[in-house]
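A.B. asks: Just a sequence and a predicted model for now, questions to come.
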Amino acid sequence: MLAALLARWKDKNTGGMVKQSESYAENITEAILNVFECWLNPEP
């Protein structure tokens, strides 16, 4: 059960942040805004 819980947490929380950090950005400001979107947008 613990392993399943950790896997879900990783997919739900870490997965969105990794996806956003890998999104295209022309500069560091855009890259940071991509990561900030994790907290502003409920989808990721």
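C.D. replies: Here it is on my side, so go on.

A.B. asks: Now tell me which helix or strand of this protein has the poorest mean pLDDT.
C.D. replies: The helix or strand of the chain with the lowest confidence, counting by mean pLDDT, DSSP states H and E, is helix 15-21 at a mean of 87.

A.B. asks: what residues does that one touch?
C.D. replies: Taking contacts as CB atoms under 8 Å, 6 or more residues apart in numbering, the residues outside helix 15-21 that touch it are A31, N34, V35, E37, C38, P44. Where C-beta positions appear, they are placed from N, C-alpha and C, glycine not excepted.

A.B. asks: following that helix, which helix or strand comes up?
C.D. replies: If you walk from helix 15-21 toward the C-terminus, the next helix or strand you reach (DSSP states H and E) is helix 28-40.

A.B. asks: if you average pLDDT over that next one, what comes out?
C.D. replies: Helix 28-40 shows a mean pLDDT of 92.

A.B. asks: starting at the chain centroid, how far to it?
C.D. replies: 9 Å (CA atoms, centre = their mean, to the nearest Å).

A.B. asks: Stretch 6-24 now?
C.D. replies: Taking mean C-alpha positions (CA atoms, centre = their mean), stretch 6-24 and its chain are 4 Å apart.

A.B. asks: What is the neighbour count of L6?
C.D. replies: 10 (other CB atoms under 10 Å).

A.B. asks: average model confidence for the one helix or strand it maps to?
C.D. replies: For L6, the element it lies in under DSSP H and E is helix 2-9. Per-residue pLDDT over helix 2-9 has a mean of 91.
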